[in-house]
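This is a predicted model, with the sequence first.
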Amino acid sequence: MKTVCNRIILLVWLLPCVHPLQAAEHVIFPSEDGLPVTATVYAPHAGAETPVIVLFHQAGASRGEYLEIAPWLNRLGYNCLAVDQRSGGGMNGVVNQTAQRAENKNLPAGYIDALPDIRAALRYARKHYGERGVLAWGSSYSAALVLQLAGTSPGLADGVLAFSPGEYFRRAGKSATWIRDSARHIRVPVFIASARDEAGEWAAIVAAIESEHKVAFVPAMAGRHGARALWSQYRDSTAYREAVQAFLAQYFPVGG
């Protein structure tokens, strides 16, 4: 009887924690400089018949920022790839493995140092899941970086969702209008949102985007910084989710 119980315990320990609509798996792929990047794949929609949304976290965080958001996007019909950039730490109990590797190798891990990871992740997503399009989703510093890449590297992403972007890179030697200047060249659909009191941080950025396919969302209540604004623990998360869902349905519908 003791042997049977031990086997049962072992079997339970080996079973992954699975959301009803998806079974998350972890992947590792090389960044542009060879640093291994960890990401979690939420891809319940087989056959790459849906766009893939690549989720990048905010400062000091990890792919754990999307533990709740990615399954919600799955339920809307999208596949997701939640990425650990080297500029981060941890969130929701999920340690940033890419940041740990960068630290072990004594690699710089500032905001801009994450650009090779973001580019590599978008290319990886397009190769493996992106037959119907690749969307870049950023939070705080990564929101600014996905806007910068959308303007300077056409073809990396077919759309952008940016939560609390800003000109965060002057300490890294960039100009005070680095993101705005890049945004002028964006030709893909863009969604930008933030906390209510942060809207002034990105007003000039969204104004610079010449494409008519852009949506700016400012909540009626205070809101939250970054993608965590969509966490269901916050009362105004529903407003953010409805705005995101409307944008996706308009520009990147599934099932069509």
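Thanks, I have it.

So what touches stretch 84-98?
The contact list for stretch 84-98 (CB atoms under 8 Å, 6 or more residues apart in numbering) reads 31, 35-39, 56-57, 59-65, 67, 83, 99, 101-102, 107, 109-111, 113-114, 117-118, 141-142. Where C-beta positions appear, they are placed from N, C-alpha and C, glycine not excepted.

Those residues, buried ones only, as a ChimeraX selection?
To isolate the buried members of these in ChimeraX, using 16 or more other CB atoms under 10 Å:
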select :31,35,37,38,39,56,57,59,61,62,63,64,65,67,83,99,101,102,109,111,113,114,117,118,141,142
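
What count of nearby residues applies to the closest residue to Leu67 other than its chain neighbours?
Nearest residue to Leu67 in three dimensions, chain neighbours excluded: Asn92, at 5.2 Å (CB to CB, 6 or more residues apart in numbering). Here the count is done by other CB atoms under 10 Å, and Asn92 has 14 residues near it.

With Tyr124 as the reference, measure out to Asn92.
Distance, Asn92 to Tyr124, using CB to CB, to the nearest Å: 23 Å.

Quick one: low-confidence residue ranges for the protein.
Under the criterion pLDDT under 70, the flagged ranges of the chain are 1-23, 47-48, 256.

can you give me the strands in it?
Using DSSP state E, the strands of the chain run over residues 25-30, 36-42, 52-56, 79-83, 90-91, 94-95, 134-139, 159-163, 190-193, 214-217.

Could you name the helices and strands sitting against the second one?
The contact analysis (3 or more CB pairs under 8 Å, 6 or more residues apart in numbering; DSSP states H and E) places strand 36-42 against strand 25-30, helix 69-76, strand 79-83, helix 97-104, helix 115-129.

contact partners of it?
By CB under 8 Å, 6+ apart, the list of residues contacting strand 36-42 reads 19, 22, 24-31, 63, 66, 70-71, 73-74, 79-86, 96-98, 101, 117, 120-121, 124, 129.

out of the helices and strands packed on strand 36-42, nearest to Glu49?
Each of the helices and strands packed on strand 36-42 was scored for nearness to Glu49 using CB to CB, and the closest is strand 79-83 (9.3 Å).

Note down every partner strand of that closest one and its orientation.
Within its sheet, and counting by DSSP bridges, strand 79-83 is paired with strand 36-42 (antiparallel), strand 52-56 (parallel).

Now the last one - C-alpha only, CSV.
The one in question is strand 52-56. Once side chains and other backbone atoms are set aside, the C-alpha atoms of strand 52-56 remain, and they are given as CSV (Å, rounded to 0.1, in the frame of the first residue of the first chain):
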residue,chain,number,x,y,z
VAL,A,52,0.0,35.0,-31.9
ILE,A,53,0.5,37.8,-29.3
VAL,A,54,4.0,38.1,-27.9
LEU,A,55,3.8,39.4,-24.3
PHE,A,56,6.7,41.4,-22.9
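
Show me how far it is from its chain's centre.
4 Å (CA atoms, centre = their mean, to the nearest Å).

Quick check: the gap between the residue positioned nearest the centre of the chain and Asn74.
For the chain, the residue nearest the mean C-alpha position is Leu55 (1.8 Å; CA atoms, centre = their mean). The span separating Leu55 from Asn74 equals 12 Å under the rule CB to CB.

Need the residues touching each of these two.
Residues touching both Leu55 and Asn74 by CB under 8 Å, 6+ apart: Cys80.

circling back: now tabulate the strands of the chain in a markdown table and tack on distance to Leu230.
Below are the strands of the chain laid out as a markdown table (distance: least, CB to CB, whole Å):
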| stretch | distance to Leu230 |
| --- | --- |
| strand 25-30 | 22 |
| strand 36-42 | 15 |
| strand 52-56 | 11 |
| strand 79-83 | 13 |
| strand 90-91 | 14 |
| strand 94-95 | 17 |
| strand 134-139 | 10 |
| strand 159-163 | 8 |
| strand 190-193 | 9 |
| strand 214-217 | 11 |
